[in-house]
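Asks: Sequence and predicted structure are below.
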Amino acid sequence: NLQKQKSVKYPNLDNYEVLEHMGEGAFSVVYKARQLSTDKLVAIKILRKFQMDSAQKSAVLKEVSIMRQLHHPNIVKFIEFIDSQSYYYIVQELAPGGEIFTAIVKYTYFSEDLARHVIKQVAEAIKYLHEEVGIVHRDIKPENLLYVPIEYTPSKNPIAKLRKSDDPNSKQDEGEFIPGVGAGCIGIVKLADFGLSKQIWEQNTKTPCGTVGYTAPEIVRDERYSREVDMWAIGCVLYTLLCGFPPFYDESIETLTEKVAKGEYTFLSPWWDEISSDAKNCVSKLLTVEPTQRYSVTDFLNDPWLNKLSSVESKVP
Ligand code: ADP
Ligand code: MG
């Protein structure tokens, strides 16, 4: 019955059975759905065209054209775009775990191992975007970091593989639940929401977007530093994963803006007392005000803390 209501509410979704609500954003609502032709579970981001102006509509089309180009294990895959009279539907790979944000709330904060496991995967996605596709995400935050829980992940997953070899007797097929996990890993992290992302160069030609030669210096300069915004955001996410609250916060938007502009944050006691100095050092290399001094994604992937071996089994988040 509910299903019938949804199919009336959301026309032109003939190939899908709309299931439960997964989340929402400013202009969107996202549902889990079953693709009837394949019997596969997907996520459908539904955007109401009513009250969208033409700039917002073209932003949706841009989001779709960006998503179409992306093929990476840590990025939500694009499946199909449906343009109906009242709605845009962006059909995507489902991340059944939902938001990392919810997991932080649930655990309060993550162990260093779990934080590393999560942020490394985000960095892999960003490395691909920055260095292979020429795209800046521009909206990295815990709400846009989703995950496929370990029990959903096929045996191709390196973490799952590691666990299998740990126990030679364990049988493990696609989608099988792997007992005893959860301490040092959460599953496969998937970067979502390309609604604010921007192409800074063409993928094939590796040349800047827009008319080369006529671009003003301030534009060229800005585009040069635009990738660094993602690295700042990764710093904010990493800080939050480690202690459970964000590096910059204030009731007043003016004060908050000022704090961010000056890069005014602290490793607040007692929450940060037990956290390693390597972790703090890594965070501070990301939360560097001057973009030229800030860690690039490659710098970050080479960071000593990020490359420490996890004592996966021993810690509970
Ligand atoms: P918006 O641009 O409106 O923020 P998002 O693409 O971020 O839209 O989607 C909104 C929310 O819907 C996300 O924060 C998340 O909770 C949920 N969501 C989005 N995509 C998926 C997905 N592929 N799998 C599971 N949940 C999703
Ligand atoms: Mg979002």
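Replies: Yep, that arrived. Ligands and ions are numbered 1, 2, ... in the order given.
Asks: and the stretch 201-317 of the chain, which residues reach ligand 1?
Replies: Counting by C-beta under 6 Å from any ligand atom, the stretch 201-317 of the chain comes close to ligand 1 at no residue. All C-beta spots, glycine's among them, are computed from the backbone N, C-alpha and C.
Asks: Single out the residue in the stretch 201-317 of the chain that lies closest to ligand 2.
Replies: Closest residue of the stretch 201-317 of the chain to ligand 2, C-beta to the ion: residue 233 (12.7 Å).
Asks: I'd say that residue and residue 141 touch.
Replies: Yes - counting by C-beta atoms under 8 Å, residue 233 does reach residue 141; the two are 6.6 Å apart.
Asks: When these two are compared, which one has more neighbours?
Replies: Neighbour count, other C-beta atoms under 10 Å: between residue 233 and residue 141, residue 233 has more, with 19 against 16.
Asks: any idea how far the helix or strand hosting residue 147 is from the chain center?
Replies: Using DSSP states H and E, residue 147 sits in strand 145-149. How far strand 145-149 lies from its chain's middle: 8 Å, per C-alpha atoms, centre = their mean, to the nearest Å.
Asks: Helices of this structure, start to end?
Replies: Under the criterion DSSP state H, helices of the chain are mapped to 2-9, 54-68, 100-107, 112-127, 158-166, 217-243, 253-262, 277-286, 297-301.
Asks: In CSV, list the ones you listed along with mean pLDDT.
Replies: CSV is the format used below for the helices of the chain (pLDDT from 0 to 100):
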stretch, mean pLDDT
helix 2-9, 74
helix 54-68, 97
helix 100-107, 88
helix 112-127, 95
helix 158-166, 44
helix 217-243, 92
helix 253-262, 97
helix 277-286, 98
helix 297-301, 98
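Asks: which stretch among those comes nearest residue 43?
Replies: Comparison of the helices of the chain against residue 43 by C-beta to C-beta identifies helix 54-68 as nearest, at 12.1 Å.
Asks: Bridged to residue 24, which residues?
Replies: Beta-bridge pairing of residue 24 under DSSP bridges involves residue 29.
Asks: center of this structure - which residue?
Replies: What sits nearest the mean C-alpha location of the chain, by C-alpha atoms, centre = their mean, is residue 191, with 2.6 Å.
Asks: Just the local confidence number for that one, please.
Replies: At residue 191, the model reports a pLDDT of 98.
Asks: That one reaches residue 73, doesn't it?
Replies: No - taking contacts as C-beta under 8 Å, residue 191 lies outside contact range of residue 73: 10.4 Å.
Asks: thinking again about what came up before, in contact with the closest residue to the residue nearest to the centre of the chain other than its chain neighbours, which residues?
Replies: Excluding the flanking residues, the one nearest residue 191 by C-beta to C-beta, 6 or more residues apart in numbering is residue 125, at 4.3 Å. Listed by C-beta atoms under 8 Å, 6 or more residues apart in numbering, the contact partners of residue 125 are 72, 74, 75, 189, 190, 191.
Asks: can you do 7 Å?
Replies: Listed by C-beta atoms under 7 Å, 6 or more residues apart in numbering, the contact partners of residue 125 are 72, 74, 75, 191.
Asks: what does residue 101 give?
Replies: Residues counted as contacts of residue 101 (C-beta under 7 Å, 6+ apart) are 142, 143.
Asks: closest point of the protein to ligand 2, which residue?
Replies: The chain approaches ligand 2 most closely through residue 193 (3.7 Å), counting by C-beta to the ion.
Asks: contacts for stretch 78-98?
Replies: 10-13, 22-23, 32, 41-50, 60, 64, 67-68, 70, 76-77, 146-149, 152, 187, 190, 192.
Asks: Give me the neighbour count for the residue in the stretch 1-150 of the chain positioned nearest to ligand 1.
Replies: Of all residues in the stretch 1-150 of the chain, residue 25 sits closest to ligand 1, at 1.7 Å by C-beta to the nearest ligand atom. Other residues near residue 25 come to 15 when the count uses other C-beta under 10 Å.
Asks: Count the residues that sit near the residue nearest to residue 60 when sequence neighbours are not counted.
Replies: For residue 60, ignoring the flanking residues on the chain, the nearest one in space by C-beta to C-beta, 6+ apart is residue 88 at 5.2 Å. When counting by other C-beta under 10 Å, one arrives at 21 neighbours for residue 88.
Asks: Residue 260 contacts residue 247, correct?
Replies: No - using C-beta atoms under 7 Å, residue 260 is not in contact with residue 247, being 8.9 Å away.
Asks: ok, these two, which is more surrounded?
Replies: With neighbours defined as other C-beta under 10 Å, residue 260 and residue 247 compare such that residue 247 has more, 22 against 17.
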